[in-house]
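Novice: Starting from these lines, generate the structure:
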Amino acid sequence: MNIKVLGTGCAKCGSLEKMTAETIADMNIDAKIEKEEDIVKIMGYGVMHTPALVIDEKVVLSGRLPSKKELVSLISKNQ
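Specialist: Alright, predicted model coming up:
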């Protein structure tokens, strides 16, 4: 599983990256997490509001921080 956190470096983007890493560890899932800060690449995903979460090249969340429960659900559905 390849997960990308899209964001230009704001506090919410950092929080999403940390939450995602913790959730992956809690779920015992083998996944690679990347942080993408290049605005041109972020826009290439069609994302206009960050933070955003991309799982296996599919945007699953944009413009807000999810709850822990929602993040678990998003990761589970997109394994």
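Novice: mind checking how far the nearest residue to Gly9 once chain neighbours are set aside is from Lys69?
Specialist: Excluding its sequence neighbours, the residue lying closest to Gly9 (Cβ to Cβ, 6 or more residues apart in numbering) is Glu37, at 5.7 Å. For glycine as for every other residue, the C-beta is placed from the backbone atoms N, C-alpha and C. Applying Cβ to Cβ, to the nearest Å, the value for Glu37 to Lys69 is 27 Å.
Novice: repeat for Lys77
Specialist: 13 Å.
Novice: And Glu17, by the same measure?
Specialist: 18 Å.
Novice: of these two, who's got more company?
Specialist: Per other Cβ atoms under 10 Å, whichever of Glu17 and Lys69 has more neighbours is Glu17, with 20 against 8.
Novice: Now do the phi/psi pair for the more buried one.
Specialist: When quoted as degrees, to the nearest 10, the phi and psi of Glu17 stand at phi -60, psi -50.
Novice: pLDDT score for it?
Specialist: We have a pLDDT of 96 for Glu17.
Novice: any idea whether the nearest residue to it once chain neighbours are set aside is helix, strand or coil?
Specialist: Excluding its sequence neighbours, the residue lying closest to Glu17 (Cβ to Cβ, 6+ apart) is Val5, at 4.4 Å. The three-state label given to Val5 by DSSP: H, G, I helix; E, B strand; the rest coil is strand.
Novice: before we move on, what about Leu74?
Specialist: Once three-state DSSP is applied, Leu74 turns out helix.
Novice: With just CA atoms, put stretch 24-40 into PDB.
Specialist: Written as PDB, here are the backbone C-alpha positions of stretch 24-40 (Å, rounded to 0.1, in the frame of the first residue of the first chain):
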ATOM      1  CA  ILE A  24      -0.900   2.300  10.000                       C
ATOM      2  CA  ALA A  25       1.300   1.100  12.900                       C
ATOM      3  CA  ASP A  26      -1.800   0.400  15.100                       C
ATOM      4  CA  MET A  27      -3.500  -1.600  12.300                       C
ATOM      5  CA  ASN A  28      -0.200  -3.500  11.600                       C
ATOM      6  CA  ILE A  29      -0.400  -2.700   7.900                       C
ATOM      7  CA  ASP A  30       2.700  -2.700   5.600                       C
ATOM      8  CA  ALA A  31       2.500   0.700   3.900                       C
ATOM      9  CA  LYS A  32       4.800   3.300   2.600                       C
ATOM     10  CA  ILE A  33       3.900   6.900   3.600                       C
ATOM     11  CA  GLU A  34       5.100   9.800   1.600                       C
ATOM     12  CA  LYS A  35       4.600  13.600   2.100                       C
ATOM     13  CA  GLU A  36       4.100  15.600  -1.000                       C
ATOM     14  CA  GLU A  37       4.600  19.400  -0.700                       C
ATOM     15  CA  ASP A  38       5.000  20.400  -4.300                       C
ATOM     16  CA  ILE A  39       1.900  22.400  -5.200                       C
ATOM     17  CA  VAL A  40       2.000  21.500  -8.900                       C
END
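Novice: Please consider this matter closed, and thank you.
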